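Q: build me a structure from this.
(2 chains, ligands or ions: 3)
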Amino acid sequence: MSAWTLAYAVLLYVAFVVLVGGVVYRVAIYAMTPAPLRIPTMPAPRTKRGVALRMGREVALFASLFRGDKWAWIWSYLFHASLLLVLLQHLRYVFVPVPAWVVYESPFGSYAAFVLLISLAGLLGRRLMIARVRFVSAPSDYLMLVLLLLIATTGAWMRFAAPVDIVGFKAFMQGVMALDLKPLPASPVIMIHVASVGALMLVFPFSKLLHAPGVFFSPTRNQADTSRLEAQAEGSVAAADAQQRDPGTAAPALREGVR
Amino acid sequence: MSDIEVPVLQDYVPTPELHVGAMAGLKPFKASPEHQAALGFPGTLVDDWKDVAIRRLGELVEGSRALRVYLDSCVKCGACTDKCHYFLGTADPRNMPVARQDLLRKVYRRYYTWAGRLFPWLVGATDLTEQVLDDWYSYYHQCSQCRRCSVYCPFGIDTAEVSMAAREILDSVGVGQKYCNEILGKVHKIGNNLGLPEPALRNTLEGLEEDVKEATGVDIRFPVDVVGAEVLLITPSADFFAEPHIDGLIGYAKVFHQAGISWTVSSQASEAANFAMFIGSREQMQKVAQRVRDAAIALKVKRIVIGECGHAWRVAYAFWSTLIGPLDFLDPRYPRPQHICELTEGLIARGALKLDPSANDDKVVTFHDSCNVARATRMGDRPGGQFTVPRSVIRSVCAHFVDMDPATIGDRTFCCGGGGGLLTDDLMELRVKGALPRLQALNTVVQDKKVTHMAAICAICKTQFSKVLPYYGLPREMVVSVHQLVGDAIVLGAKE
Ligand code: HEM
Ligand code: SF4
Ligand code: SF4
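A: Residues are numbered from 1 along each chain as shown, chains lettered A, B, ... in the order given. Ligands and ions are numbered 1, 2, ... in the order given. The predicted structure follows:
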């Protein structure tokens, strides 16, 4: 087995451990850090269900970003959606046999690569051209996009321009997962692609990519509007849930003139 | 009028070209050693300020999930960059919310993250230097903690939390802001922001009783320290004598009078404001809030009602449960605490007040949503009540009401420009420029809809507008309390 195979296998092991370990560690810290004061951005939902819906809108639709900046929303939404499709398509290297839904998803995942490229170019263009965004950008903000562009370009290149030994690559991946190494096909494009993915995984827990787990822990978005109920010592979200189901029970107390 | 370059009102607020450093020189006066000592902060910059600041930053991050998540999560998307009234008014890019956060974030990254320790130049991390401390003092005192930016951020990143933390760090190394810290000292020592002692308070309110009697012929009381009153009114001390606030206080008194609700103010807690929120000190905030709880128990009241004050309503509505809760000694049939607008709306809804809206026929009124009320609290029993309740009160007492541009009201409201502990003359330039977006929207309805008055429910907003309106050629008398409109429309003595 070649030194390359070994090096890439080690890279993937290390990157996987750092990504999973790092994110779990970060999430544990978020979860354990106290959030004593209620700071939801109002109007906020009054129930757990409502909060779940609000969070769903943020994660699935980027609802706040949509209100804030339409162009940023368009590029970023296209980027994340196409990234998701591409990632799903890559499950074919993980599962044997390939599940039927991954097979059906595959063409979408393949062509999403073009959307990924275009949207990354859009994001980079914004960052370079809008003075306000440029002012707040550090080198890492550009490099992150360059890295993703590199991943997307090499990926699309292999898929559409210069097909490589996919069967061999799949065998390599299976080997890595089974701790029984098989040779990595000797293709520079594959090597660049996998190395840059490894780099992305390595920086994930140390960079702004923490926005992905972070959004779920954002107190302005994940807290319910229950502080006044708590001030009344009637319990917390549970009480609000009950009240939402049966507004009649609590409504009089919130109205002047029940005497 | 002074040498401030007042922006010109157009039909929209243009996003300015960046003018780096435009406001770097603006700093509010620093607190004197005595002001600092009264709050338990070092009097002057401590020798080992760098270590103290870095340690305090670490402690704050460990104690606040908000801070921790927000310092990690910003992707520099720029959605917040054109949302801050201070950036729109001053063109200084460090007044863009994300750039304001970055002043703290770059230090946090340098000392508390691997990326910043190993590759500071790559991720924009920097050492804590005197220059950085200086920038903190400038730019964290150019944020009114209005949270407009957090509405638009995809992750809800709340710059107010960051600027509160930064001010807390500044206090801990001995560089406090005079305006806030001096006022907090007065609250502890005397009971209110204005330093109005009990005899003076009683005097003022007695004088007010006479004035109202003269004007209306009716005996309307302004009681102080009445044990056993039903309602304890907690209202900003500006309501006791500042214009136009005082007409709001008269309005509350008329409402209580007509509804037959006994009420009192407390000399011990004669102040709704809690400036500790502005300086980010939980400990101070708790102490200031505790006065209210103690006063309510001592006076054996059944309800606490908050007067027209934006951040006080935030502290009461959102923070009291944590700071001084549970308020289980109060009557459970009413919201604990209750806003004066909720009380008045309820009374109007049940017909307990006889109103004659024609008293306000000379006015065309619009309403300014105060940031803290709009984005940090609720009124009534459904989401968004903080917008509908005050408007419903105004509509009941005033035939002519119009709203400003929807993009500048509700949860998208623009700050008056004076909130968050910035309502001081040494920040006048910032206050004038920061008022631009709000006053642009106001001017549009003045021109197009013949609006004559803007009602507000916040003492800071009212003072700020009275002061900055003339800079823009608008009359200061435009600003009124919501309860002034109510008070003028109440038909006294007509209750059966
Ligand atoms: C819960 C999942 C996620 C959510 C809700 C989310 C949301 C967002 C949003 C709203 C933005 C701002 C868009 C903009 O820059 O205009 C953003 C930026 C970004 N996201 Fe995510 N994201 C998620 C997961 C991920 C993941 C897994 C990656 C992995 C690579 C990622 C990579 C990025 C990058 C690189 C940017 C910066 C784009 C730029 O430089 O302009 N995101 N994300
Ligand atoms: S909280 Fe308000 S003043 Fe502060 S940065 Fe955000 S928009 Fe500007
Ligand atoms: S909107 Fe939020 S994520 Fe985007 S730059 Fe501003 S603070 Fe950062």
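Q: shouldn't B:Thr388 be in contact with B:Ala374?
A: No. Contact criterion CB atoms under 8 Å: B:Thr388 and B:Ala374 do not qualify, at 11.7 Å. C-beta: built from backbone N, CA, C; applies to glycine.
Q: higher neighbour count, the two?
A: Each of B:Thr388 and B:Ala374 has its neighbours counted (other CB atoms under 10 Å in any protein chain shown); B:Ala374 has more, 27 against 16.
Q: nearest spatial neighbour of the more buried one, skipping sequence neighbours?
A: Using CB to CB, 6 or more residues apart in numbering or on different chains and skipping residues adjacent in sequence, the residue nearest B:Ala374 is B:Thr413, 4.9 Å away.
Q: same check on A:Gly168?
A: Per CB to CB, 6+ apart, closest to A:Gly168 is A:Pro185, 4.0 Å.
Q: distance check, the one you found against A:His193.
A: 11 Å (CB to CB, to the nearest Å).
Q: so which of these two has more stuff around it?
A: Applying other CB under 10 Å to A:Pro185 and A:His193 shows that A:His193 carries more neighbours, namely 22 against 19.
Q: and the more buried one, what does it touch?
A: A:151, A:154-155, A:158 (CB atoms under 8 Å, 6 or more residues apart in numbering or on different chains).
Q: now do A:Arg127
A: Counted by CB under 8 Å, 6+ apart, A:Arg127 has contacts A:133-134, A:137, A:141-142, A:145, B:76.
Q: ok, now which ones touch B:Ile157?
A: Taking CB under 8 Å, 6+ apart as the test, what B:Ile157 contacts is A:218, A:220, B:70, B:73-74, B:80, B:97-98, B:101, B:149-150.
Q: please apply the same query to B:Thr81.
A: By CB under 8 Å, 6+ apart, the contact set of B:Thr81 is A:132-133, A:136, B:87, B:96-99.
Q: that one: which element?
A: Following DSSP states H and E, one finds B:Thr81 outside all helices and strands.
Q: could you report the neighbour count for the residue in the stretch 201-350 of chain B positioned nearest to ligand 3?
A: Residue nearest to ligand 3 within the stretch 201-350 of chain B (CB to the nearest ligand atom): B:Gly280, separated by 18.4 Å. Using other CB under 10 Å, B:Gly280 has 25 other residues around it.
Q: for it, helix, strand, or coil?
A: The three-state label given to B:Gly280 by DSSP: H, G, I helix; E, B strand; the rest coil is coil.
Q: chain neighbours aside, what residue packs nearest to it?
A: Using CB to CB, 6+ apart and skipping the chain neighbours, the partner closest in space to B:Gly280 is B:Met164 (3.1 Å).
Q: and ligand 2, is the helix or strand harbouring the one you found touching that?
A: Per DSSP H and E: B:Met164 is located in helix B:159-172. Yes. Residues of helix B:159-172 are located near ligand 2 by CB under 6 Å from any ligand atom, namely B:159-160.
Q: and that helix, what other elements does it pack with?
A: Applying 3 or more CB pairs under 8 Å, 6 or more residues apart in numbering or on different chains; DSSP states H and E, one finds that helix B:159-172 makes contact with helix B:49-63, helix B:65-73, helix B:97-112, helix B:130-139, helix B:148-152.
Q: please identify which of these is closest to A:Tyr30.
A: A:Tyr30 lies closest to helix B:65-73 among the helices and strands packed on helix B:159-172, at 5.9 Å (CB to CB).
Q: any idea of the angle the closest one forms with helix B:97-112?
A: Put simply, helix B:65-73 runs at 90 degrees to helix B:97-112, going by axes from the mean of the first three to the mean of the last three CA atoms, to 10 degrees.
Q: straight-line length of stretch B:355-369, end to end?
A: Using CA to CA, to the nearest Å, the end-to-end distance of stretch B:355-369 comes to 24 Å.
Q: and it, what's buried?
A: The neighbour-count check on stretch B:355-369 (16 or more other CB atoms under 10 Å in any protein chain shown) flags B:355, B:357, B:359-360, B:363-369 as buried.
Q: could you dump those residues into CSV with secondary structure added?
A: Output for the buried residues of stretch B:355-369, formatted as CSV (three-state DSSP):
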residue, secondary structure
B:Leu355, strand
B:Pro357, helix
B:Ala359, helix
B:Asn360, helix
B:Lys363, coil
B:Val364, coil
B:Val365, strand
B:Thr366, strand
B:Phe367, strand
B:His368, coil
B:Asp369, coil
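Q: how about the residues you listed, which pair is most distant?
A: Across those (CB to CB), the longest gap, 24.3 Å, separates B:Ala359 and B:Asp369.
Q: what mean pLDDT does the one helix or strand A:Leu83 maps to have?
A: Secondary-structure assignment from DSSP H and E places A:Leu83 in helix A:70-89. Mean pLDDT, computed over helix A:70-89, is 98.
Q: for that helix, name the packing helices and strands.
A: By 3+ CB pairs under 8 Å, 6+ apart, helix A:70-89 packs against helix A:63-68, helix A:100-129.
Q: now do the closest residue to ligand 3 within the stretch 101-250 of chain A against B:Arg282, distance only.
A: Nearest residue of the stretch 101-250 of chain A to ligand 3 (CB to the nearest ligand atom) works out as A:Val136 at 6.5 Å. A:Val136 sits 29 Å away from B:Arg282, going by CB to CB.
Q: quick one: which of those two has more around it?
A: The neighbour comparison of A:Val136 against B:Arg282 (other CB under 10 Å) goes to A:Val136, with 23 against 19.
Q: you'd agree that one is up against B:Ala79?
A: No. Counting by CB under 8 Å, A:Val136 does not reach B:Ala79; the two are 11.2 Å apart.
Q: centroid-nearest residue for chain A?
A: Centroid check for chain A by CA atoms, centre = their mean gives A:Ala212 as the closest residue, at 4.4 Å.
Q: sticking with it, tell me its helix or strand.
A: A:Ala212 belongs to helix A:211-214, assigned by DSSP H and E.
Q: residues from chain B in reach of ligand 3?
A: So chain B meets ligand 3 at B:74-80, B:97-98, B:153-155, B:157 (CB under 6 Å from any ligand atom).
Q: change it to 8 Å
A: B:70, B:73-81, B:97-98, B:101, B:149, B:152-157, B:159 (CB under 8 Å from any ligand atom).
Q: give me the residue from chain B nearest chain A.
A: Residue nearest to chain A within chain B: B:Gly346 (2.2 Å; CB to the nearest CB).
Q: quick one: mean pLDDT for stretch B:468-477?
A: 96.
Q: again with stretch A:113-124
A: 98.
Q: strands along the stretch 151-300 of chain B, start to end?
A: B:231-234, B:263-264 (DSSP state E, counting those that start in this stretch).
Q: mind putting these into TSV with mean neighbour count, mean pLDDT and distance to chain A?
A: Formatted as TSV, the strands of the stretch 151-300 of chain B follow (neighbours: other CB atoms under 10 Å in any protein chain shown; pLDDT from 0 to 100; distance: least, CB to the nearest CB, whole Å):
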stretch	mean neighbour count	mean pLDDT	distance to chain A
strand B:231-234	26	98	11
strand B:263-264	22	98	13
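Q: for the ones you listed, give me JSON lines that also has distance to ligand 2.
A: Formatted as JSON lines, the strands of the stretch 151-300 of chain B follow (distance: least, CB to the nearest ligand atom, whole Å):
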{"stretch": "strand B:231-234", "distance to ligand 2": "25"}
{"stretch": "strand B:263-264", "distance to ligand 2": "34"}
